[in-house]
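Undergrad: Requesting a structural model of the entry that follows:
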Amino acid sequence: MSRERIFVVEDEEDIQELISYNLAKNSFSVKIFGNGEDFLEYLATDTCDLAVLDLMLPGMDGLEICKKLKRSADTENIPVIMLTAKGEETDIITGLELGADDYIVKPFSPKVLVARIKAVMRRKEQITEIKKENITVHDIQIVPGRYEVTVKGEKVTLTASEFKALHLLAGRPGWVFTRYQIVEGVHGDNYPVTDRSVDVMMVSLRKKLKDAGSYIQTVRGIGYRFMDKKEQ
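TA: This next block holds a predicted model:
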């Protein structure tokens, strides 16, 4: 049975060694990169099951690397965990908006990092195995297998987080989801995200859906719902 492959982009040698030791001890195959350019060049010829990105790197920073991953059809489904000393709310929101699956602030516990990686990997498997059925509601079609959304036949480009949120809401029209349930559905349990970041994501999602964005309704003091067909 092949081991899951983790690519780590981190320029500090002591942290490289700490991560490598703990991931190898937990039966992961690990490859370390000191900068984003080398990582992306290598990724063009090989792949991984998950990427751990430092934000503050020489040359290209972690946010730019994540952006490039999520914009490419070949790499957009690689889960990303950001590992960084930048722990301000705006930094976390920016990372999540770009499609990161988790965000860990330095100094960190190696055991927590391993647990987060395993959790993200489990969610990836669940999405692959469970979320395969197409959804058609109103004039929106969602194709999970291709991470594709169309409105009246026109393709809409969403981040991974926006896609998961839309899939969650549209999968149960009329059902009210709290902000916590949306975070849990998109990123998993015990995820450090504020109500504000969920609202920011919904604003972006509505904007990209244009007129169809009105189907996503705010339930004051609770969260969001997707308009039921009977309400049209």
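Undergrad: In this structure Lys31 contacts Arg5, no?
TA: Yes. Lys31 lies in contact with Arg5 (CB atoms under 8 Å); the separation is 7.1 Å. All C-beta spots, glycine's among them, are computed from the backbone N, C-alpha and C.
Undergrad: Now do the shared contacts for the two.
TA: Cys48 (CB atoms under 8 Å, 6 or more residues apart in numbering).
Undergrad: Just the CA atoms from the strand or helix carrying Val120 would do, formatted as CSV, please.
TA: Taking DSSP states H and E as the criterion, Val120 maps to helix 110-130. The C-alpha trace of helix 110-130 is given here as CSV (Å, rounded to 0.1, in the frame of the first residue of the first chain):
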residue,chain,number,x,y,z
PRO,A,110,3.7,18.7,15.5
LYS,A,111,0.9,16.4,16.8
VAL,A,112,-1.7,19.0,15.9
LEU,A,113,-0.2,19.4,12.4
VAL,A,114,-0.3,15.6,11.9
ALA,A,115,-3.9,15.5,13.2
ARG,A,116,-5.0,18.4,10.8
ILE,A,117,-3.3,16.7,7.8
LYS,A,118,-5.2,13.4,8.6
ALA,A,119,-8.5,15.3,9.0
VAL,A,120,-8.0,17.1,5.6
MET,A,121,-7.1,13.8,3.9
ARG,A,122,-10.3,12.2,5.4
ARG,A,123,-12.4,15.1,4.1
LYS,A,124,-10.8,14.7,0.7
GLU,A,125,-11.8,11.0,0.5
GLN,A,126,-15.3,11.8,1.7
ILE,A,127,-15.8,14.4,-1.0
THR,A,128,-14.4,12.0,-3.6
GLU,A,129,-16.6,9.1,-2.5
ILE,A,130,-19.9,10.8,-1.5
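Undergrad: Quick one: mean pLDDT for it?
TA: Helix 110-130 comes out with an average pLDDT of 78.
Undergrad: can you give me phi and psi for Ile104?
TA: phi -120, psi 130 (degrees, to the nearest 10).
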